[in-house]
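Colleague: Below are the sequence and a predicted model for it; my questions follow.
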Amino acid sequence: MADIFLQIFYSLYFFLPAFVANPSAVITKGSTKMDFGRSFRSGRRILGDGKSWGGFAGGILFGYILGLILFGIAYALGSHVNYTFLVPLISIPILMLSLGSMLGDAAGSFIKRRLGMSSGQNGFLLDQYPFALMALLLLYLAAPGFFFHVYWNVPAILIILIITPPLHRAVNIVGFRMKRKSVPW
């Protein structure tokens, strides 16, 4: 039983760069929109005003820096995660989690625009899951050893999928109250 709780703890702990990258984009958002104000064939914007290159890069940077700190702490404390395959490439899992989070967020916006939803409109599940799923996918593709060691078990994946919507909502409410977001979702 203790092993399951440890697996769940590690799955959340090591996923924090993805969880942090996504909301950090509002701190560094810029004026240059990722879609440069262009529309898709349907006439709707490609991504919308909510996605900027400054936010994209800032989100990756915040997630990456936090990841370096967290992975360093775990390594220094001698966590149960096997680092023999990770130490020479410690930045790859962190980068994939942060980059995947931001790419997934952009993909969610792209899908929302195709469905006729405006920027800032509440898109249940499209606001929460694309960033988490893309982070896991990129981690799997770029650092399969780390992925299989930490996430290839049912409790680890389930906890990420279960905690993502309420955590995402809570962070967005905080951002809204801090006047960094225009909507609380």
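Modeller: That came through, no problem. This structure is a prediction, so every number in the text was calculated from the model and none was measured.

Colleague: In this model N22 seems to touch G58, though I could be wrong.
Modeller: No - the pair G58 / N22 is not scored as a contact, 11.2 Å apart, by C-beta atoms under 8 Å. (Glycine included, C-beta is placed from N, CA and C.)

Colleague: Of the two, which one has the most company?
Modeller: N22 (28 against 20; other C-beta atoms under 10 Å).

Colleague: Quick one: list the elements packing against the helix or strand harbouring the more buried one.
Modeller: For N22, the enclosing helix or strand under DSSP states H and E is helix 2-24. Packing partners of helix 2-24 (3 or more C-beta pairs under 8 Å, 6 or more residues apart in numbering; DSSP states H and E): helix 53-76, helix 91-114, helix 129-142, helix 144-150, helix 154-177.

Colleague: I'd like those helices laid out as a markdown table, including mean pLDDT and distance to R41.
Modeller: Formatted as a markdown table, the helices and strands packed on helix 2-24 follow (pLDDT from 0 to 100; distance: least, C-beta to C-beta, whole Å):
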| stretch | mean pLDDT | distance to R41 |
| --- | --- | --- |
| helix 53-76 | 91 | 23 |
| helix 91-114 | 94 | 10 |
| helix 129-142 | 96 | 21 |
| helix 144-150 | 89 | 36 |
| helix 154-177 | 90 | 30 |
